[in-house]
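Novice: need a 3D model of the sequence below.
(one chain, ligands or ions: 1)
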Amino acid sequence: MLIKSPTILAVDDKKENLDIILDILSDYDVIPVTSGQKALQVIDEEDIALVLLDIVMPELDGFQVCQILKNNTKTKHIPIVFTTAKTDEESISKAYEAGADDYVSKPLKKAEVIARVKTQLKLKQTIENLEFLASRDSMTGIYNRRKFFELAIPVFKETPTDIFMAMIDIDYFKKVNDTYGHDVGDMVIKLATQTISQVIRQHDAIFARIGGEEFVLLLKDMDKKAILEILENIRLSIENLVVEHNDTKIKFTISIGATSKTQDSKTIDELLKNSDLALYESKTSGRNKITFR
Ligand SMILES: [Mg+2]
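Specialist: Sure, this is the predicted structure:
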């Protein structure tokens, strides 16, 4: 796999300063721009890992650009290192107030710029790794409950209707654990996760494990017929699975409860409650089935 080196955006109204930065960071992929406006445009279009930002620029100055980036959820994680000839305390504290991660003084010194850039990139990578771990279920690698709600709540708020939630629960899971042991139970959960992920892979879905043998799925931009087809595909795919364990062939099924957002739905908790009730109906009326309410 080819790993792309991080792209750094260098912003300065003086071209000679950009030339110095390009020379210092010759080992990196650097995009130089001469104004705050151009910087915002490039950040919108490219995957920028770090911004080296001049403070004094006509029109949009560095403080303003920094504030705009730090107030946008899409760009607030990008580290910003100010490059400044102003070493007075006031502008440095103003830079941090605007959301700066660090600063380097002009005239730029090669070792210092490289050290600051490396530190910020490393820190960003560490934060991303931690965020990834904190958002995943450790057994299956799919989203955990916390991340599910973090992603699903904005979708719920932004989409008037046509959001569907499905609760998926493995039938008689306790019996699998009791009969074959927890290792087999874990295999069943992993296999169920892989199978569901495979069925929904081309759809706009948020899929998470929210309990021991319980999963939740949020789907949008589809009609009810399409949703029911996907859910039936999931149910059938699981029914057809065979887990091999010490010459025993183990089969299992899932029950599904689904619901949709209506004009009356006020919170995502209502969807959760409704799909849970629907799941209960599936469980009490024979299992291995889908109930929609
Ligand atoms: Mg300047």
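Novice: and the strands in the stretch 1-150 of the chain?
Specialist: 7-11, 29-33, 48-54, 80-84, 102-105 (DSSP state E, counting those that start in this stretch).
Novice: any chance of these in TSV, plus mean neighbour count and mean pLDDT?
Specialist: The C-beta positions use only the backbone N, C-alpha and C, and glycine is treated the same way. Formatted as TSV, the strands of the stretch 1-150 of the chain follow (neighbours: other C-beta atoms under 10 Å; pLDDT from 0 to 100):
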stretch	mean neighbour count	mean pLDDT
strand 7-11	23	98
strand 29-33	18	98
strand 48-54	25	97
strand 80-84	23	95
strand 102-105	18	94
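Novice: of all these, which one is nearest D178?
Specialist: strand 48-54 (50.0 Å; C-beta to C-beta).
Novice: elements contacting that closest one?
Specialist: strand 7-11, helix 36-45, helix 62-70, strand 80-84, helix 110-135 (3 or more C-beta pairs under 8 Å, 6 or more residues apart in numbering; DSSP states H and E).
Novice: now those in a markdown table, with distance to the ion?
Specialist: Listed next are those as a markdown table, based on distance: least, C-beta to the ion, whole Å:
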| stretch | distance to the ion |
| --- | --- |
| strand 7-11 | 9 |
| helix 36-45 | 10 |
| helix 62-70 | 8 |
| strand 80-84 | 9 |
| helix 110-135 | 16 |
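Novice: possible to save those as a markdown table with distance to Y172?
Specialist: Putting those into a markdown table (distance: least, C-beta to C-beta, whole Å) gives the following:
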| stretch | distance to Y172 |
| --- | --- |
| strand 7-11 | 52 |
| helix 36-45 | 51 |
| helix 62-70 | 51 |
| strand 80-84 | 54 |
| helix 110-135 | 30 |
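Novice: tell me what the lowest-mean-pLDDT helix or strand in the chain is packed against?
Specialist: Using mean pLDDT, DSSP states H and E, helix 89-97 stands out as the lowest-scoring helix or strand of the chain, at a mean of 89. Applying 3+ C-beta pairs under 8 Å, 6+ apart, we find helix 89-97 packed against helix 62-70, strand 80-84.
Novice: so which residues on this structure come close to the ion?
Specialist: 13, 54, 56-57 (C-beta under 5 Å from the ion).
Novice: buried only: go through the residues you listed for me.
Specialist: Buried members of the residues of the chain next to the ion, scored by 16 or more other C-beta atoms under 10 Å, are 13, 54, 57.
Novice: contacting residues for the last one?
Specialist: For M57, the residues meeting the contact criterion (C-beta atoms under 8 Å, 6 or more residues apart in numbering) are 11-13, 35-36.
Novice: against I21, how distant is it?
Specialist: Separation of M57 from I21 (C-beta to C-beta, to the nearest Å) stands at 14 Å.
Novice: got it, and the first one?
Specialist: Taking C-beta to C-beta as the measure, D13 falls 13 Å from I21.
Novice: the closest residue to the ion within the stretch 151-293 of the chain: how many residues sit nearby?
Specialist: Per C-beta to the ion, the residue of the stretch 151-293 of the chain with the smallest distance to the ion is P154, at 37.2 Å. As a burial measure, P154 scores 12 neighbours (other C-beta atoms under 10 Å).
Novice: go on, G36?
Specialist: The number of residues packed near G36 is 23, by other C-beta under 10 Å.
Novice: that one is in contact with V11, isn't it?
Specialist: Yes - between G36 and V11 there is a contact under C-beta atoms under 8 Å: 6.8 Å.
Novice: need the overlap of contacts for these two.
Specialist: Common neighbours of G36 and V11 (C-beta under 8 Å, 6+ apart) are 57, 62, 65.
Novice: and the first one, its phi and psi?
Specialist: For M57, the backbone dihedrals (degrees, to the nearest 10) come out as phi -140, psi 150.
Novice: and the chain, what are its domains?
Specialist: The record, using automatic domain parsing to delimit domains, assigns the chain the ranges 7-135, 145-292.
Novice: run through this protein and note the low-pLDDT ranges.
Specialist: For the chain, the stretches with pLDDT under 70 are 1-4.
Novice: which non-adjacent residue is nearest A205?
Specialist: L219 (5.0 Å; C-beta to C-beta, 6 or more residues apart in numbering).
Novice: contacts only, for that neighbour.
Specialist: 163-166, 200, 203-205, 227, 230.
Novice: so which of the helices and strands packed on helix 89-97 comes closest to D137?
Specialist: Of the helices and strands packed on helix 89-97, nearest to D137 by C-beta to C-beta is helix 62-70, at 30.7 Å.
Novice: I appreciate the help and will end here.
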